Structures are given as C-alpha cells and as structure tokens.
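# Quick one: sequence plus predicted model below, questions after.
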Amino acid sequence: MINKLTNYKNLFFATFLGMLGLIINLYPLPFFANVQFVLGNTFTVIVAILCGPWYALLTSILASSGLMMIWESYHVYLFFGLEAIFIGFCRRRDIYALYSSVMFWLFIGMPLFYFVGNILFNLPADHLPFVTIKQAINSLIYTSIASLLILMIPKLWLFETKIKDKKRRTLSKQMTYFITLMITLTSLFSTLYFNYTSLITQQNLIKQNQNETVFHLSNSGDQYVNHHIKAIENAAQTFSLSDPNKQKQQHALNSLHQNYPGFITMLLTDNNSKVIAGSPLTKFQLTDDMKVNDRDYFIEAFYNQKVFISSVFLGRGFGNDAIIAISAPYFNSNNPMEPQGIIEGSLNLQHFTTIDYDFKQTNTQSIVLTDEKGSIIYASDRLNLEVMSPFDYSIHAGAYKTKLNLLNIHDTDSLIPEFIYASHKMNNGWIIYLVEPFLPLLKLAEKQMFTSFVLLLFALLLSFFISHKISKLLTVPLEMVANQFGQFSEKQISTQVLDENSPKEVYSLYNRLLKSKQQLIAHQLELEETVAIRTHELESANKKLKALVDKDPLTQLYNRRYAEQKFAEIRDYCKRSEQALTVAILDLDFFKQVNDTYGHLAGDECLRQVADLLRQFYKRDVDVVARYGGEEFILILPLSNALSIEQHLNQFRLALAQMTIVAPKTKKEFSLTTSIGAITANADFNKDIDHWIKVADDNLYQAKAQGRNQVRLTIINSDLSAE
Ligand SMILES: Nc1nc2c(ncn2[C@@H]2O[C@H](COP(=O)(O)OP(=O)(O)OP(=O)(O)O)[C@@H](O)[C@H]2O)c(=O)[nH]1
C-alpha cells in the first residue's frame, strides 16, 4: 500500500517537473549563431537524483518534447532519454550526478551525438564537433544547477520517497563534490559569459566596421560619379563659350580626358549628332558617318537639354567593363537656348577595382555594387559573379541568430549563412554591398567553445583534485583522532599522531580529547581499585552470610537445610562409586531433664560438647554432621561399611556416655546418653532423603522405646548385610 502511494507520488512529481521542463525548453537561451542552451533538462536530472532512472526517463520525454516542438528533431528523445537513464542508474550506485553526467557525455553522449549528427543533421562536417561540445557543456550546466537546487532547497532534502544512499558518504567525498560542483558551475558560467560577451563584441566590431566601410565606399562612389558628372557639366559650359573650331575642340577634349582618366572615352558631337571630337582619338574614326543620334545620351542631352546619366551597360567595343554614359548639351555662345551638340564621357565603373584592391590586401571583405535595377555593376573577383547579371542573394533568417546581417550568394537555399554583409544605397540609387565570410567568425566561436571545454575539463579535474586534498586536510586528522580515541587503552595515547599540516582546530580538539582521555583513564583506574576492594568485601560478607545460612549458630555444625541439600550430591557420588551410604539420626536421651535440672545454658553447653564430640568422630571431609533440630543430630556418612558403621556409632554412643559435662553456672557435673536410629543402604535405595530419614527415625523410635542409649541400624540390601 505504502509502495503504491510512493509510486503515485513519484509519478506525479516526475510528470509535474517534466511539464515544467517542457515549458522552459520552449525558450532556449540563444548563445551564438545556431547555438542555444536548454535549461528544462534540469528537472530531468532532479528526478533522476530523487526518484531514479525510469521516472527520470518520463520527465526527460516530456521535457524533450519542448525541444522537439522548436527544433523538430526526434534525436532529442534519444540523447536526453539515455542521459536521464544513465544518471538515474549512477545515482542508484551512489555516484554523484555531475560525475555521471561527465562520464555520460565523454563516453556515450558525445560519440553518439557526433555519429548520429553525421547521418541526420544538415550541418557542415567541421561544425559538428562544435555543436557536440556545446551539447556536453549544456549538460554540465543543467546537471550542476540541478545538483545545486537539490542541495539548496530543504523541501527536496526531505523528499520522502527519494533514493537513499546505500552507504553513508564520507565527509571528504561530500566536500570534494560540493567544492567541485561550485567551481564547475562558476567556471562554466564565467567561461560562457566571457565567450558570449567576446562574441558579441566581435560581432559589434564587425558590424560597425562594415557599416563604416560601406558608408565610405558609398560616399567614395557617389563622389566618383558626381565628380565626373560635374566634369561633363563644366566641360559643356566651356564648349558653349568657346569657338566651334574642331581642332581646338579636339585639343580641349584631349586635355579634359587627361584630367579625368576615369572616362574610357569622351566624345563631342555637333547638332547633327556627328562625332566631331573623340578621345582617345585612336578609338574613333571621325568620319561623317559616325553619328550617335540613336544613343540615349545624345537624345536625352540634346533634345531635353539636360545632363544625362545612362543606366549601366557593358561598353561595346571598349572592353567588357560596366560603364555609364554621362552627357550634357553645349550651346551656341550667342544663343544659350540653341544646343550645338553634346559632350559625352563613358565612365569606367571598374574604378571600384582600385578600392577593392585595398580589401584584397588587408582582409576578407569583398564588395558588390548593383545598379538601381539590381544588376551587378561591380563584384570583387573572389565572389566570382558576372557583371551585369542580376545580383541574386537570399537574406539569411534561419536558425543562425546573430546581431549581424547574413546573406547567401552562391547557395541561396543553404541553412548555413555564407556572408555577413552591410549595404548602403548611393545617391544615384545604386547599392553597394560589403560582404565577408561568416565561417571565420563561426570558427572563432568554435575555437573559443572548444578551448573553454578543454579548460573546463581541466578545471574540473583540478578542482576535484584540490578539493579532495583540502577535504583530506580536515578528514584525515579527524579520522586519526577518531581512531586514536576509539580504543580505550592507555598505551595508544601519543602526542605525535597529527602531522603539522593538520588544522589548528583539529589539533586543539585532539589535545583536549587527549587530556580528557588521560583524566578518564586515571578515573577509571581509581574506579577499578574501588570496585576491587568492594568486591573483596562483598565476597567475604557473602562467605559469612553463606556460612550463617548453612550453619547452626549454637553448635557451629551444619544445619538441617544444608544436610538435606548436600544429601543429593553425596548420594550421587555414592551411586557412581557403588558405595553404601549411612544416614543416622541421634536424639539425646532425657534432654528435657538436663534443661530442667541444670538450666537451659547447661543444655546449650551440652549440645555444643556433643557437637564437638561428633566432629571428632566423624572428621572425614565427605561426612556431613548437622544439627537436625532441638537435641537431634543427623549424620550422612558416605562410603560406609555396613558392619563397621554400627560399631562406629556405638563407639560414639559409649564415648558420649562417658563424657562429663560441667554446668556453666552451678559447675555441677553430669553426663548423658543418646539413642541412634540409622540406615545403611546402597545409593539406589531412594533418591529422596525423607525415605532414608523415615527408616532412621523408625529405628530411633525403636531405640527409645527399648530403653534408650542404644543404636538401631537397618541395612537395606542383601549384599551389604552379607558383609
Ligand atoms: N538447652 C536447650 N534445650 C533445648 C534446645 N532445643 C531443644 N531443647 C530441649 O530439648 C528437650 C527435648 O525434650 P523431649 O523432646 O521431651 O525429649 P527428651 O526429654 O530428650 O526425652 P527423650 O527424647 O524421650 O529421651 C526440650 O525440653 C527442649 O526444650 C536447645 O537448643 N537448648
């Protein structure tokens, strides 16, 4: 039941975080070009750490769906799904998420991404390593963030159903991980931030440089054209004022042309459109047939009486350069309303070669100049574009997002931008484009990213190593202290345990513990001594108590309780050695009279002397002589000889009868006798003493009845009686 509840909780948690991941993944952070950072996978890692691989897979599928929506690529499920499972399984083996993420991307993620990318992605081969490394860096970012979030959010520490560590982690391992995590995250963000700002700066510089350059180019172009228009206008005015003398006109045209070498040719017509002067003369045959009445530059200038600038065209007969014709009418000096002809200059637009030449020498920039109709007037050689063909290009607005304007000229359908460009419209409607390849910038970004990755790995290793060392500084001495004080032996104490690198706090802790241990040991010794004395006292008290319990205070003989207890032991012994056992009950005769006649004290004295006599007679260690009660005594005599025992009892009886007792007070002398009832039998007879006593008692009764002062013995067992 509890298990089911846990499953539901985890399922809800994984789904909820998966949805959050999906939403966040819909808005990846743009970095440069087509490089974006996804942060939604942070939640996948959190679920992998808390709930394990399969819930993480669920979260990953949901979060990756966000990426699927914007990137339209199914591969995200593969890589991020595998990553989630990998981190989840590593977690089950107590491996920290950051370590498992590094392992995954180094050994599985990056090779797989590169391999699949080669087959599936529409990327240039040399761009793929960049995207692959970016993917790994991205993963390090969200794994670090996830680990940090788990460390920082108390709710997640207490997450009830989370996977627990199998073994308690050492402080050294924990510290190493936390420090490595912090350093990784810090270096990751700072590297990416600096990369990002450096790329932005780079782009801004390029953009600024391009804008300025294209502006200058445009100005220079404008000036070039205007300068030549002005030259034609001025020349027209000069010719209006001068004599219509052909020779002079030819001469003037020659010198004008010398001043304006930008014109390929210059010509002067009369009012019949006949060319009357030309420069250079070698390119003209000034015959009557050479008329230009069909040319726009004549018609527009002569009939409309204005300065005319033609569209761009390829010079016919004067090379294949693009040119424009600039023409203006000149007038009769006497009648300024009457045009006399036109002056025309064909302006060579190859002039831009000169500007372009500088570019060729210094950088990778190229220029394209188009006329107002979009036809190419001039294009740098390296662009390989045909003059006067339409300038076909596509503005790049694909996945590569930068601050720069991008366009493709040669492969207009490609996803990868070819050129960064800036353009400017000249006064005459022409547009000048400054283009430079995008690839070097991409390469720079790649190089930066690659260097960052290598440095990051290095930093990671270094921080792992250093933090491991630092944490050891604390944990090793602590462990030593723990070991040192783990055993409670005086011998182990040594002040030389900690090396000089141990932190002061640990050293001080060690010294304090050492002091307390010494005090403790001293105290313990004191305690042990006291305990030993007390134990000894207790033992002797116990002995006394035991003696008191077992003995009769008056006679110092054993008491009845002891005798009965001892009986079982003695009987067993006799049984094992197949020896006979005798139990005898002695009852003093007419003892009441002794008391009555000589006093109670005399009775006591009497009992003591009987006891002494008994001790003398029955002094074997194995014999038990006890006071049975009142004036009765019991003898338990193992290893008995059935015949001699009766004799021995009689000897005692006689000895007692002859013993003189002196009454303590009256000092009167008297003597007394005893009746004895006994039984000698094999130990098998009965294990219960009562049966033995019963027989002895019966005999005692007989002895009393038959006159007292006699022994009555029953020998039970034919073997014994035979003896
Ligand atoms: N002084 C003294 N007398 C005791 C002690 N224990 C028992 N007695 C006395 O022993 C006497 C026993 O008397 P009885 O049982 O009549 O037996 P008896 O006088 O010995 O006569 P028979 O046994 O028939 O020979 C009693 O008077 C008891 O008071 C004791 O510890 N000290």
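Here it is on my side, so go on.
# Distance check, the closest residue to the ligand within the stretch 551-700 of the chain against residue 539.
Closest residue of the stretch 551-700 of the chain to the ligand, C-beta to the nearest ligand atom: residue 603 (2.2 Å). Using the backbone N, CA and C atoms, a C-beta is placed for each residue, glycine as well. Remark: distance between residue 603 and residue 539 (C-beta to C-beta, to the nearest Å) = 36 Å.
# if we can go back for a sec, what about the residue of the stretch 551-700 of the chain closest to the ligand, how many residues close to it?
Using other C-beta atoms under 10 Å, the number of residues around residue 603 comes to 22.
# What's the local residue count around residue 211?
15.
# How about residue 333?
Using other C-beta under 10 Å, residue 333 has 14 neighbouring residues.
# and what of the one 10 residues further on?
The burial metric for residue 343, expressed as a neighbour count using other C-beta under 10 Å, is 30.
# The helix or strand containing it pairs with which strands, parallel or anti?
Using DSSP states H and E, residue 343 sits within strand 339-348. Strand pairing for strand 339-348, using DSSP bridges, gives strand 263-269 (antiparallel), strand 322-331 (antiparallel).
# Give the helix, strand or coil label for the nearest residue to residue 50 once chain neighbours are set aside.
Using C-beta to C-beta, 6 or more residues apart in numbering and skipping the chain neighbours, the partner closest in space to residue 50 is residue 162 (4.3 Å). With DSSP: H, G, I helix; E, B strand; the rest coil as the basis, residue 162 sits in coil.
# Okay, residue 162 and residue 168: tell me how far apart.
For residue 162 relative to residue 168 (C-beta to C-beta), the value is 16 Å.
# Which one of those two is surrounded by more residues?
Each of residue 162 and residue 168 has its neighbours counted (other C-beta under 10 Å); residue 162 has more, 16 against 7.
# Alongside the ligand, which residues does the stretch 601-723 of the chain contribute?
Contact residues, the stretch 601-723 of the chain versus the ligand (C-beta under 6 Å from any ligand atom): 603-604, 607, 630-631, 704, 708.
# Now the two most distant members of those.
604 and 704 (22.5 Å; C-beta to C-beta).
# pLDDT averaged over the host helix or strand of residue 19 - what is it?
Taking DSSP H and E as the criterion, residue 19 maps to helix 2-25. Averaged across helix 2-25, pLDDT comes to 86.
# Over to stretch 405-421?
Stretch 405-421 comes out at a mean pLDDT of 84.
# Next: stretch 48-58.
The model assigns stretch 48-58 a mean pLDDT of 93.
# Could you tell me the end-to-end distance of it?
Taking C-alpha to C-alpha, to the nearest Å as the measure, stretch 48-58 stretches 10 Å from start to finish.
# ok, and for the helix or strand following the helix holding residue 19, which residues are buried?
Later in the chain than helix 2-25, the nearest helix or strand by DSSP H and E is strand 29-32. Neighbour-count burial for strand 29-32, counted by 16 or more other C-beta atoms under 10 Å, picks out 31-32.
# what does strand 29-32 rub up against?
If you take C-beta atoms under 8 Å, 6 or more residues apart in numbering as the criterion, strand 29-32 is touched by 36-39, 134, 192, 195-196, 199, 401-402, 445.
# May I have the strands that pair with the helix or strand immediately after that strand in the chain, each with its orientation?
The element immediately downstream of strand 29-32 (helix or strand, assigned by DSSP H and E) is strand 35-37. Paired neighbours of strand 35-37 in the sheet (DSSP bridges): strand 29-32 (antiparallel).
# Can you give the distance of stretch 43-62 from its chain's centre?
15 Å (C-alpha atoms, centre = their mean, to the nearest Å).
# From start to finish, how long is that stretch in a straight line?
Using C-alpha to C-alpha, the two ends of stretch 43-62 sit 10 Å apart.
# ok so, going back, and of the strands paired with strand 339-348, who's closest to residue 408?
Among the strands paired with strand 339-348, strand 322-331 comes nearest to residue 408, with 23.8 Å by C-beta to C-beta.
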